[in-house]
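Chemist: Model the structure of this input:
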Amino acid sequence: MDADWREPQSRRRAVAIWAMIWSVAVVVEVALHILVPRSALRADDLPAGARFLLLCYSLTVLTLFSALLGAVIKYAGATLSRLIPARLGAPWFGRGCTVLLVWLVLVLYGASWGLFWQTGSFIDSQVFIFLAPHPLQVIHWVDLDVALIIIAAAGAVTFVIVEWMPRWMARQSLAFHQTIIRIWTRLIGLCLSGALLGQLYSTWDERQYTRSGLVYLRNQENDSGPFAYIVSDLKKYFTRTADELSIDFGFEIQQRPIVQLNEYVTRAQQSQFQRWNVVLLMVESLRADQLRPYGGSRDVMPAVEALAQDARVFLNTYTQSSHTNYATITPLSSHYPLRSATAHIYPRNPTYPRVLIYDLLQALGYRTAIFSSSNENWGGMIHYLETGKLDRFVHAANSKRPTYVMQGDAGFAAWVRETKHAGSLDDRATVDEAIQWIDGLGNDAFFVALNFQNSHLPYPIPPDFPRRFGPAQLDFTIRFAHFPENRASVVKDVYADSLAYVDAQIFRLFQYLKANNKWSNTLVVLTGDHGQAFYEHGFASHASAIYDEVMKVPLIIRAPGLKPGREDRLAQHVDVAPSIFGLLGLPNHPSFQGIDLFAAPPNPNRSVYMVAQTPDAYQYGIVRSGFKLIYDERQREYLLFNLATDPDEKTNLATTQPDLVNHLASRLNAWRKLQIDYYSDPTLHKREYPPILKD
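Modeler: As a prediction, this is how the structure comes out:
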């Protein structure tokens, strides 16, 4: 590809080489469209002709991007060659730069198709922000085998493009070059014509408002390949306005000024509070219906069931998010996790206030700790959690105990731990750490939060733990968001075994507290960070759409002297911290956005808010007065469900009840705008806490 462009024959050969590279790219793109489910070419809701036009659009965008990337790569290689002296091997540096850039582009291209295969979403700016800081953890939880295939395939194709094809084309005749160029130009003309016809098909006159036009545009934006998705992302970025949310300013908004820690401590010390120990248990992916009080049909977690018999069980509890980096911190902070219009990575030393349970309890003389089987570097969670008020903070990235990865590669596990990209701790080790720490406290009051991870997909448990539900060996692979749909019942059994293993570790912790006379003065809260899907709505796992199989979680609270029972009232994770403080007899902290479930009477018009900002879904939701409204930002549509008559969320009522959609959407949009506006304005962080939209 280093032809002398002053010679016509060299120019023709270079164009022919480019045409051949383009042909290879087209073959790959078409093959992926054919093979990967949910691609535009396999859109069953469009006629065959419309799907062909979508393919033409995909190839047209591919042509534009490949030309742009080719120019950038050639310029970068040439520039590097000029900057480096010849005696240092400038040509080799230039070629090396070209090889590296081509390989990186192909890796991202393959990764984007791989993500679409599993989640139905290509890589865009929001996805890149979400995944880029922790690529090794993505490999750990998702697919090491797929990742290695993509990397190897990208290397092979890079060799073909950069080395083999130019040499092969140099040996071909001038007539062959002319034939290749002629075919190439005609194919590009066909693709461009098809793309233009597709625009007419979807937008001509009133057609943009018809179902076929809307479906075509939706497939064009979301399912027409990685480069088409980038174009869609750019369009959204440049057309997004600050006033895109429809807001009703008639809502009552509560704004609360910042209170210094010593002021709160003074008030708290005057309250004669109960100095009980506090244990907060967060179980990964624990959907509510796995427990008998929530409709479960089998004894999956006997220790948790026994706890529920002696506790207040809230039967209608929602997590605030479908993904861990948003969901896990909410019970500790009583702050909604929505902080920006795109995926939020917690920064070091954030300007916005965060008052966590242990910040206040440590100031009141408690010993405080977090023991997490998870890697808290994910999404920058560690920056949010490390407030300086923890006596002990152990997680997968700093524990000296062995971590596990899905493939059982101990060497890889050791390496990623050292680079702060560790997999997960076994929950047995996490409980061991917690018991060891509590054992050294004597009679000091303590707060401890434990985060269990063995119930994270693909649900690993040690070989010495007996399985009661699922087989020990599978004849298929469980991937993060993709496994055979017809094997969902088997996967759910494997999931149940992982919950049983977590339950066994919880039982060990409870037995220790009872044997050491700590149980009688310990408050215990157990919940899940989110639930888990098994294709109830066409997807698996979590970090995706905010349907109830992912958003409804158990909330079990046991406290000394608290009367056991069950409550149907609407609850959410922002209520955990205020409820703990209410049971302890401590005053509510003005930072909390939730309510004390034991003090505030049930409100039939209460609102629950939720959010998902991940590669799988960008959705926002509200539950209020028995209805649930979801806004899907990518699909640009509302989904409305009557939870009383349709608890499985199968019938979308959005088109039949537009007034209710507008009412709920106005409140949901107001909440979104209040949250995003607050976190985008550092001047507010210095004088007030995040606002509350009153019910």
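Chemist: Need the pLDDT of residue 374.
Modeler: Residue 374 carries a pLDDT score of 91 in this model.
Chemist: can you pull out the helices in the stretch 51-200 of the chain?
Modeler: Assigned by DSSP state H, counting those that start in this stretch, the stretch 51-200 of the chain shows helices spanning 90-119, 125-131, 135-141, 144-159, 165-170, 174-203.
Chemist: For these, which has the smallest mean pLDDT value?
Modeler: Lowest mean pLDDT within the helices of the stretch 51-200 of the chain: helix 135-141, a mean of 55.
Chemist: what's next to stretch 97-109, contact-wise?
Modeler: 69, 72-74, 76-77, 80, 123, 150-151, 153-155, 157-158, 161-162, 226 (C-beta atoms under 8 Å, 6 or more residues apart in numbering). In short, each C-beta sits where N, CA and C put it, glycine included.
Chemist: Kindly export it (C-alpha atoms) in PDB.
Modeler: What follows is stretch 97-109, C-alpha atoms only, in PDB (Å, rounded to 0.1, in the frame of the first residue of the first chain):
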ATOM      1  CA  CYS A  97       1.700   1.900  13.800                       C
ATOM      2  CA  THR A  98      -0.500   0.900  10.800                       C
ATOM      3  CA  VAL A  99      -0.700  -2.700  12.000                       C
ATOM      4  CA  LEU A 100      -1.600  -1.700  15.500                       C
ATOM      5  CA  LEU A 101      -4.300   0.800  14.500                       C
ATOM      6  CA  VAL A 102      -5.900  -1.700  12.000                       C
ATOM      7  CA  TRP A 103      -5.900  -4.400  14.700                       C
ATOM      8  CA  LEU A 104      -7.500  -2.100  17.300                       C
ATOM      9  CA  VAL A 105     -10.200  -1.000  14.800                       C
ATOM     10  CA  LEU A 106     -10.900  -4.700  14.000                       C
ATOM     11  CA  VAL A 107     -11.000  -5.600  17.700                       C
ATOM     12  CA  LEU A 108     -13.500  -2.900  18.500                       C
ATOM     13  CA  TYR A 109     -15.600  -3.900  15.400                       C
END
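Chemist: List the buried residues in it.
Modeler: 97, 98, 99, 101, 102, 103, 105, 106, 107, 109 (16 or more other C-beta atoms under 10 Å).
Chemist: and if you look at stretch 41-61?
Modeler: 41, 43, 46, 50-61.
Chemist: what's next to it, contact-wise?
Modeler: 26, 29-30, 33-34, 36, 40, 188, 190-195, 197-198, 201, 212, 215-216, 219-220, 223-225, 227-228, 231.
Chemist: any idea where the helices of the stretch 251-400 of the chain begin and end?
Modeler: With DSSP H, counting those that start in this stretch as the criterion, the stretch 251-400 of the chain has helices spanning 261-269, 302-309, 324-327, 330-333, 357-363, 381-385.
Chemist: Go through the helices of the stretch 51-200 of the chain and name the closest to residue 591.
Modeler: Closest approach to residue 591 among these is made by helix 125-131 (26.7 Å; C-beta to C-beta).
Chemist: Hmm, residue 290 and residue 305 touching each other?
Modeler: No. Applying C-beta atoms under 8 Å as the test, residue 305 and residue 290 come out as separate, 10.4 Å apart.
Chemist: Neighbour count: these two, which is higher?
Modeler: Taking neighbours as other C-beta atoms under 10 Å, residue 305 and residue 290 compare with residue 290 leading, 26 against 16.
Chemist: Of the contacts of stretch 41-61, grab the buried ones for PyMOL.
Modeler: Selecting only the buried entries of these in PyMOL, with 16+ other C-beta under 10 Å as the criterion:
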select buried, resi 26+29+33+36+40+188+191+192+194+195+197+198+201+216+219+220+223+224+225+227+228+231
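Chemist: First-to-last residue distance for stretch 684-695?
Modeler: Terminal residues of stretch 684-695 lie 23 Å apart, using C-alpha to C-alpha, to the nearest Å.
Chemist: If you count neighbours, what's buried in that stretch?
Modeler: 684, 685, 688, 689, 690, 691, 692, 693.
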